[in-house]
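# Here is my input, please return the structure:
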Amino acid sequence: MNKEYYGSDTRKLNKDMAVTKEEFDAYVRVQRSGVTNMFNVNRVSELSGLNRLKIVEIMEKYDIYTDKYSKNEQKI
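I've put the predicted structure just below:
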């Protein structure tokens, strides 16, 4: 597997599992809607269109993806 460091964070992002901005935005829209507990991965999947692996990837590295995709943005 190819892996790369993102910024100064010591955790690695797996290029094969990398989350796109559109996927991260879909996750955040569900999160901000407040309609479900974000640990209910099946429901988050239904609402966002993301598969379980992408959701878990976002959950595990949320702050990295926030830094990567949310800089200089007011709202998603």
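
# Show me the residue sitting in the middle of this protein in space.
Against the mean C-alpha coordinate of the chain, by CA atoms, centre = their mean, the closest residue is residue 58 at 3.0 Å.

# average model confidence for the helix or strand hosting it?
Secondary structure assigned from DSSP states H and E places residue 58 in helix 52-60. Average pLDDT, helix 52-60: 96.

# List the buried residues of that helix.
Within helix 52-60, the residues that count as buried by 16 or more other CB atoms under 10 Å are 54-55, 57-58. Any C-beta I mention is one placed from the backbone N, CA and C, and that applies to glycine too.

# would CSV of those with distance to residue 43 be doable?
Shown next, in CSV, are those (distance: CB to CB, whole Å):
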residue, distance to residue 43
54, 15
55, 10
57, 17
58, 15
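
# which one of those residues sits closest to residue 24?
In terms of CB to CB, no member of the buried residues of helix 52-60 lies closer to residue 24 than residue 58, at 6.3 Å.
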